[in-house]
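>>> Sequence first, then the predicted structure, then my questions.
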Amino acid sequence: SLLQEIRENSQSSKPQFCDSVICIVLDVYALHSRNKSQAEMVKSEVSTNVVSETLVEPDLKKQEQNQSHKDGSVRHAEKRRTGTCQFADRVAQVSIEKYREVVPVKWRQENQQVCLATIVAHFKTSLRKQTLPDNETVDKVNGEDENETTAIQGPENDLLIVMGLGVGTKFLSEEKILSDAESDIKGSYGKRIRDSHAEVLARRAFRRALTVEIKSLQLSASSRSENNNQDEDGDDSSCRSMDSFGILRQVKKDTEPTTEGEMREPSSCTYALKDGVTLHMYTSSTPCGNSALKKFSKMKREKFDSSIPPDTWPRNPHPCFDAHSLQLGQCSLLVKKNGTKTGPGTENDPGGNETHAIDTSRIEKKQQNWPANLTDDWCPPGTTLPHFGRGSLHSCSDKICRWNCLGLQGSLLSSLLNKPLYMDTLTVGRKFTSCISQRAVCCRANGYCYDGNITETNGNKNDDDENQNFYRLNHPSIMGTGVYLDDTGTLDMSNSKVVGQDVRFLSKLCWVWWSERSSIESNTDKMENAECIDGDEGLLFSYNLNENLGQVQSEDNKMNEYSLSSTYAL
């Protein structure tokens, strides 16, 4: 009766608005009803009817909407917003400066609207005068001359250094992913980068930076052992001078017993973050997926807190998460929808209405009739449900949530680190909402990730598994920033325009850059400029500054032109 009454008293041109009102009313009814089981039953039944009616009437789905603007109407390139604190703005500023430094000016001028993500290392420790590498972008609290490459402060120094950077919005089609997985070419698997979204590329770049630094430390230790140039404390000044601003330190294992019963030095060691070093992630726009689902929470404007010093960030615990609308998709995992890169009527989707078989075999029986599992109309743009068969690459929100459970280092480097590396903060630019981001990147994993340190296995300590003893659910400080990536000013909005048409990520090219401070690497491996990647192919692209397109390689040669941040290279 509620459904019928709202339908009859509303405009027929806004059926989806009615459906949203119905779901809200049902949420309130379920929360305040004395008979919880009956309330949930009614809610599920009526919500299913809403979904069924939407499916039966495809002509009522979202269509292109036009907005009429008066002559001379303009809008800001990025919506005006308020940051959380000075530290968030500093992280955004140093990230944008690095982007402008390593990505060609010509490409940046042709592509004002991009998605940028970085992983930044924050150094807060007592330092003397130290010289930075010439190609490093550093943010200093006390505002020194930008041309200076030294940091000279009082008893404490505060530095932000970009470790990894990614720019992109593309990913491989399902056809290419399946072809790559089934490839018979020996050693080709892992050369293509499947997901070239900015957040994923930034994390790949960070892992590459860790790999280079570990290699540097290992060779330095080997050279120190050969030359017997080690002091009594096991510390080497030559190693420190070679990489003063590296983020890792060696952690030696305990001495090992020999067959003769004597103790000897361990044959290997692990690595950990240096004291005073923390990791921070920045993304110029809210990550795709659950972070873009602006519902199920009471949203409010961000307020700038001027009481927080510029070298620190808010450490308030996240509020208790209430998973009250699971059946409507509140915590659902989403994948990037195949074919959305090119749109209807293209090679990926010739008719624009491609259908896929829905596989519910991996969904619990009681969840198969949940409204959120019957249609993907409620999903944010460019995403869909995993069981719909329209994509297999998880959204960036899902991946960041996974990194907050397992760490940023990945499985390949986990055996070399004494514990996982977690981000302390996440700074978001466009479309930021604090409570939504908290739900998307960490809080929805409550109860699904062990939170605590395991020190024993079967009652006995196991030194070989110590690197697995520190996994937990990490809740980073979620912050917004008032620093704009697109500072072109305003855009002309005169006459009639399609809603959202001014936001178009047209270029298929993506960029990835990482920090390399190792003096042992060859000159050809130095990262003065970012690598250019063809997002539709997942391989390196030869960008020509004099032309719109680079030199396209033949298909036979493409398989050898892989990025150094690819899984194959790592």
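Received, thanks.
>>> can you map out the helices along the chain?
With helices called from DSSP state H, the chain shows them at 2-8, 15-32, 36-56, 86-102, 105-110, 174-181, 198-227, 237-242, 396-406, 410-414, 434-441, 555-558.
>>> Just give me the lowest mean pLDDT stretch among those.
Sorting the helices of the chain by mean pLDDT places helix 237-242 lowest, at a mean of 40.
>>> so who does Arg402 touch?
Neighbour list for Arg402: His394 [criterion: Cβ atoms under 8 Å, 6 or more residues apart in numbering]. Using the backbone N, CA and C atoms, a C-beta is placed for each residue, glycine as well.
>>> any idea how far Thr283 is from it?
Separation of Arg402 from Thr283 (Cβ to Cβ, to the nearest Å): 16 Å.
>>> pLDDT wise, what is the nearest residue to Trp513 once chain neighbours are set aside at?
Distances taken as Cβ to Cβ, 6 or more residues apart in numbering place Ala530 nearest to Trp513, at 3.8 Å, with adjacent residues excluded. With respect to pLDDT, Ala530 has a value of 91.
>>> Surely Phe206 touches Leu408?
Yes - Phe206 lies in contact with Leu408 (Cβ atoms under 8 Å); the separation is 6.2 Å.
>>> Val102 is in contact with the residue nearest to Trp513, correct?
Yes - if you go by Cβ under 8 Å, Ala530 and Val102 touch, sitting 4.4 Å apart.
>>> Residues that sit against both of these two, list them.
Listed contacts common to Ala530 and Val102 are 165, 511, 513; contacts here mean Cβ under 8 Å, 6+ apart.
>>> can you tell me which residues contact the closest residue to Lys252 other than its chain neighbours?
Counting by Cβ to Cβ, 6+ apart, Lys252 lies nearest to Cys269, which is 4.9 Å off, once chain neighbours are set aside. Listed by Cβ under 8 Å, 6+ apart, the contact partners of Cys269 are 221, 250-253.
>>> Most neighbours of all these, which one?
Most neighbours among the contacts of Cys269, by other Cβ atoms under 10 Å: Gln250, with 18 neighbours.
>>> What residues are bridge-paired with it?
Per DSSP bridges, the residues bridged to Gln250 are Tyr271.
>>> And it, how far from Asp180?
37 Å.
>>> And for Pro310?
Separation of Pro310 from Asp180 (Cβ to Cβ): 45 Å.
>>> Repeat that for Ser196.
14 Å.
>>> contacting residues for Gln368?
Listed by Cβ under 8 Å, 6+ apart, the contact partners of Gln368 are Thr360.
>>> change it to 10 Å
Gln368 makes contact with 358, 360-361, 374, 387, according to Cβ atoms under 10 Å, 6 or more residues apart in numbering.
>>> cool, and Val483?
By Cβ under 10 Å, 6+ apart, the contact list for Val483 reads 78, 81, 83, 88-96, 282, 284, 427, 429.
>>> same thing but at 8 Å, please
Contacts of Val483 (Cβ under 8 Å, 6+ apart): 83, 89, 92-93, 96, 429.
>>> Closest one of those residues to Phe171?
Nearest to Phe171 out of those is Gly429 (Cβ to Cβ; 20.9 Å).
>>> Double-check that closest one against Ser284; I have them as touching.
Yes - using Cβ under 8 Å as the test, Gly429 is close enough to Ser284 to be in contact (4.3 Å).
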